[in-house]
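Chemist: Structure for the following, please:
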Amino acid sequence: MKYYLLFIIVSGIHLLSDVGNAQTPITTADSLTLEQAVLYALQYHPSLRVSGGNLSSAQASLVIARANDLPSITATASETHTDGAFLLRPGIPPNTQAYNTYAAGIQAQQNLFDFGKMVSRLRASGHTVDATKHSDDSTRAVVIMNAEISYYGVMQAEQNVDVNQQSVASATQHLKQAKAFYTVGKAAQFDVTKAEVDLSNANVNLITAKGQAQVARLQLDNAIGIRTERTAKVQHDFNVETFSLPLDSVKVFTLQNRPDILAANERVEANNSLVTAAWAQHLPTVTGSGQYNWSNFAFPLLSRWSAGVTVTLPIFLGFSTQAGVDQAKAGVEIAKANRDLLQQSVMLEVEQQYVNLKVAEERIVSTTKLVEQAQEGLTLAEKQYVAGVGNALEVSDAQLVLSNARITRIQALTDYNNSLVRLKKAMGVL
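Modeler: Numbers count the residues shown, from 1 in each chain. Below you'll find the model as predicted:
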């Protein structure tokens, strides 16, 4: 019993060790760039293993389909021992005998001509493999998109933390100033109380922003597929990449390069090949076969060989052949309909992300001006308060306007980069 308990304890220790190793950060670097995040996602995300497995399965199916068009060669060998009573005819006592039988042989079979059945099946399998490759590319694009968007989410969250830290510092300075003015009789008790409330609100907002930053980091880990080092710093400056391609050109480019649209086209072609293969079932099949055998009751074995050609012509199969053709034609129509539905949804996605991108681009310009104006407003309010011609409410409002303007600009930068990534993914660029 004690050995059984010891086994359980040791197994538990190994299990906990494996869990700990699975959660080990993938990097101990001081920084994590966008390019690194994408590379980690392409290396570790589980969905890519799924798509890679699907691609390997499709490629193996193509090999199996090709094997049906190649010669089939098998070898056999046997030894049979027979022992017992044998009755030759009525009236004669049974005769007990024991003997061995030895046999060996090689058989070969080759499809000689089938009027395009096998070629059509091979063509369909080839298109299926190509479609699976495009689907794998589509999965990779989704992984890259999610990694980049999650990275931008961390950038946004951490920049919001910086803004709220600045707000806390500004509120702290304003509270010190209000207390100093109150001490010398230059400000009322209300100014001190208002400054304390502003500082408390700023601290609450900072706590919320830090929590959102932690959640954003978890979302980045999920998008990458493995835990990253928490101390690794992400970049804080958004790169506003200019996108000047007109919408019409974007649509044309998308139809020619989007991986899932290319995969849908390949599936249509695969189903067309299956229609040809199904119709060819009406036609005969010519097969060649041959064998060389050795057999005898004792060694040496005696040899013999045979060869022949077989022609198989279906005459009546219960209407199954025509039903197979109709089924294959229905598959073509389904594949075409799915392709059309996909193209419609992709065009809608492209147009939406294009509009979102242009709107975010305009918002960046407006919010940049807004931050400048808000900063000027806060500076003016603080100068007026120090000069005794302003009040605490004006300073508090100006601080709030500046913080909101900075956060709004960060949101605009994030939206622009997210829309650009989604647009590139929709176009098939990623």
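Chemist: At which residues are the strands of the stretch 51-200 of the chain located?
Modeler: Listed in chain order, the strands found in the stretch 51-200 of the chain under DSSP state E, counting those that start in this stretch are 72-86, 95-113.
Chemist: Now do the buried residues in the last one.
Modeler: Spelled out, that is strand 95-113. Across strand 95-113, burial judged by 16 or more other Cβ atoms under 10 Å covers 102, 105, 111. Where C-beta positions appear, they are placed from N, C-alpha and C, glycine not excepted.
Chemist: now stretch 350-361
Modeler: For stretch 350-361, burial by neighbour count (16+ other Cβ under 10 Å) applies to 350, 353-354, 356-357, 360-361.
Chemist: pLDDT of that stretch, averaged?
Modeler: For stretch 350-361, mean pLDDT is 95.
Chemist: Export that stretch to CSV, keeping only CA atoms.
Modeler: The C-alpha coordinates for stretch 350-361 follow below in CSV (Å, rounded to 0.1, in the frame of the first residue of the first chain):
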residue,chain,number,x,y,z
VAL,A,350,-13.2,44.8,-47.3
GLU,A,351,-15.5,47.8,-47.6
GLN,A,352,-16.2,48.0,-43.9
GLN,A,353,-12.5,47.9,-43.0
TYR,A,354,-11.6,50.4,-45.7
VAL,A,355,-14.2,52.8,-44.3
ASN,A,356,-13.0,52.2,-40.8
LEU,A,357,-9.5,52.9,-41.8
LYS,A,358,-10.3,56.2,-43.5
VAL,A,359,-12.4,57.3,-40.5
ALA,A,360,-9.6,56.4,-38.1
GLU,A,361,-7.1,58.3,-40.2
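Chemist: List of residues touching that stretch?
Modeler: 243, 247, 250-251, 254, 412, 415-416, 419-420, 422-423, 426-427 (Cβ atoms under 8 Å, 6 or more residues apart in numbering).
Chemist: Does residue 315 lie in a helix or a strand, and which?
Modeler: Counting by DSSP states H and E, no helix or strand carries residue 315.
Chemist: Report the secondary structure element holding residue 308.
Modeler: Per DSSP H and E, residue 308 falls inside strand 302-312.
Chemist: Is residue 196 in contact with residue 175, as I believe?
Modeler: Yes. The pair residue 196 / residue 175 is scored as a contact, 6.1 Å apart, by Cβ atoms under 8 Å.
Chemist: Look at the two and report which has more neighbours.
Modeler: Counted by other Cβ atoms under 10 Å, residue 196 and residue 175 do not tie: residue 175 has more neighbours, with 19 against 15.
Chemist: Which of the contacts of stretch 350-361 fall in helices?
Modeler: 247, 250-251, 254, 412, 415-416, 419-420, 422-423, 426-427 (DSSP state H).
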